[in-house]
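Peer 1: Below is the structure, and that's it, no one-letter string:
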Ligand code: PMP
């Protein structure tokens, strides 16, 4: 049978650097000791009290269909958290609960783009972005950035790409770079969106992982709440990746339409997962800081380890669970370096190229193994790069 072009063309096709990841997984399956610094997942599991709440909720009967927009308790909890942290008055009517941030990204683009509309995103990007835009019928257009500019989009590049586009997807703190957008950049982005009448889709799933300053949501900038759709998630802030619980926050009229979309696609998120998520959010910022603490610690240690050499460049990472390292001094592509590192040192990292052409000659290191193993792996990575560069 013939498949739709939409499903057949979802990914761009070709090698995208995930081969290194698959090879590492195959080596592990064969029993080889590989240090995996690839996927963005915590080295701790969901905290026991959250699981106990999930269990309590399920046993008390919250196992039937849950309210499609999300439970009132969770929507109100998410709304209160955003109001408190961004200053933008937000109510349950501004919140749709989704099965993870990923479903939120899809829903946001469904709301913003008609089939064939251009949706912009910043390169380097989280791996699913172009495919998510295509799944929603949009035509993805990358905005290239430069390592020398900390991978921040330039106003010139943004303005020229924005002509005729419908939406712009940004992500701060950023996966894969760890970069946090400064106020000036966010204001420039807001100005372009206003001038060109774009939706801003703001992926803020790493909002609790900031090592300097505080998270700034572009939805809080003047005039932006009406054209911004914020995507959030329990995955990173509460180590709940497998629970698949996230949200879209936006104007009431948009959320009303997205509830209709949810009715016809996901039909909501399990009630016991939502109860556990509301409970987890109600633990407050201190709990979230504890979940983020290992990455904060490892980020600081990485800066110390990398300060002692000048072969491997560190993109200033002020947030998220990743480091983007410049390995161009070895004369290799990110992909070749990642393969070589896996073979020689049994350390698995992601080639920068798998996150877009702008990250060529870089590798992404996920800080997702315990401190001593992380520090040892980083030290060996640097030594390996130094040997290659010599
Ligand atoms: N956005 C970014 C930038 C991510 O890194 C991820 C997960 N790695 C997601 C969205 C989606 O996360 P989830 O669906 O687990 O909420």
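Peer 2: Yep, that arrived. Just so we're clear, the structure is a prediction, and the values are computed from it rather than from any experiment.
Peer 1: Spell out which residues of this protein are next to the ligand.
Peer 2: Residues of the chain lying near the ligand by CB under 6 Å from any ligand atom: 40, 100-102, 126, 171, 175, 203, 205, 233, 235, 241, 246. All C-beta atoms are positioned from the backbone trio N, CA, C, and that covers glycine.
Peer 1: Turn the residues you listed into TSV, columns for neighbour count and secondary structure.
Peer 2: Below are the residues of the chain next to the ligand laid out as TSV (neighbours: other CB atoms under 10 Å; DSSP: H, G, I helix; E, B strand; the rest coil):
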residue	neighbour count	secondary structure
40	21	coil
100	23	helix
101	27	helix
102	18	helix
126	22	coil
171	25	strand
175	26	coil
203	26	strand
205	26	coil
233	27	strand
235	22	helix
241	19	helix
246	27	strand
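Peer 1: Next, give me the two most distant ones among those residues.
Peer 2: Taking CB to CB as the measure, the residues of the chain next to the ligand reach their widest spread between 171 and 241, a distance of 16.7 Å.
Peer 1: can I assume residue 152 sits in a strand?
Peer 2: No. Going by DSSP: H, G, I helix; E, B strand; the rest coil, the assignment for residue 152 is coil, not a strand.
Peer 1: For it, which non-adjacent residue is spatially closest?
Peer 2: residue 185 (5.2 Å; CB to CB, 6 or more residues apart in numbering).
Peer 1: ok, back up a step: which among the residues of the chain next to the ligand gets closest to residue 143?
Peer 2: Closest approach to residue 143 among the residues of the chain next to the ligand (CB to CB): residue 171, at 12.2 Å.
Peer 1: how about the helices in the stretch 251-390 of the chain?
Peer 2: Assigned by DSSP state H, counting those that start in this stretch, the stretch 251-390 of the chain shows helices spanning 252-264, 271-282, 285-307, 334-345, 371-389.
Peer 1: What residues sit buried inside the fourth one?
Peer 2: Burial within helix 334-345, assessed by neighbour count using 16 or more other CB atoms under 10 Å, is assigned to 334, 335, 336, 337, 338, 339, 340, 341, 342.
Peer 1: With the longest one instead?
Peer 2: Using 16+ other CB under 10 Å as the burial criterion, the residues of helix 285-307 that qualify are 287, 288, 291, 292, 294, 295, 296, 298, 299, 302, 305, 306.
Peer 1: And the fifth one, how close does it get to residue 199?
Peer 2: Looking back up the chat, that one is residue 294. Distance of residue 294 to residue 199, computed by CB to CB, to the nearest Å: 35 Å.
Peer 1: so how far is the worst-scoring helix or strand of the chain on mean pLDDT off the chain centroid?
Peer 2: Ranking every helix and strand in the chain by mean pLDDT, DSSP states H and E puts helix 5-8 at the bottom, with a mean of 88. The chain centroid and the centroid of helix 5-8 are separated by 24 Å under CA atoms, centre = their mean, to the nearest Å.
Peer 1: Show me the protein divided up by domain.
Peer 2: Annotated domains of the chain cover 5-45+286-389, 48-283 [automatic domain parsing].
Peer 1: out of those domains, deepest packed?
Peer 2: Stretch with highest mean neighbour count among the domains of the chain: domain 48-283 (a mean of 20; mean count of other CB atoms under 10 Å).
Peer 1: how far away is residue 229 from residue 146?
Peer 2: 27 Å.
Peer 1: now residue 168
Peer 2: For residue 168, the distance to residue 146 (CB to CB) stands at 18 Å.
Peer 1: Equivalent analysis for residue 345, please.
Peer 2: Distance from residue 345 to residue 146, by CB to CB: 29 Å.
Peer 1: Also residue 261?
Peer 2: Taken as CB to CB, the span from residue 261 to residue 146 is 37 Å.
Peer 1: Please name the nearest non-neighbouring residue to residue 266.
Peer 2: Nearest to residue 266 is residue 99, by CB to CB, 6+ apart, at 5.4 Å.
Peer 1: Check what pLDDT that neighbour gets.
Peer 2: The model reports residue 99 with a pLDDT of 98.
Peer 1: same question, the one 10 residues further on
Peer 2: You'll see residue 109 listed with a pLDDT of 98.
Peer 1: Contacts only, for it.
Peer 2: Neighbouring residues of residue 109 by CB atoms under 8 Å, 6 or more residues apart in numbering: 119, 132, 133, 135, 136, 138, 167, 169, 201.
Peer 1: same thing but 7 Å
Peer 2: 119, 132, 133, 136, 138, 167, 201 (CB atoms under 7 Å, 6 or more residues apart in numbering).
Peer 1: Likewise for residue 375?
Peer 2: 301, 305.
Peer 1: gap between it and the ligand?
Peer 2: 24 Å (CB to the nearest ligand atom, to the nearest Å).
Peer 1: How about residue 308?
Peer 2: Distance, residue 308 to the ligand, by CB to the nearest ligand atom: 30 Å.
Peer 1: Residue 374 too?
Peer 2: Distance from residue 374 to the ligand, by CB to the nearest ligand atom: 19 Å.
Peer 1: In space, what's closest to that residue - neighbours in sequence excluded?
Peer 2: If the residues on either side of it in the chain are set aside, residue 374 comes closest to residue 298, at 5.2 Å by CB to CB, 6+ apart.
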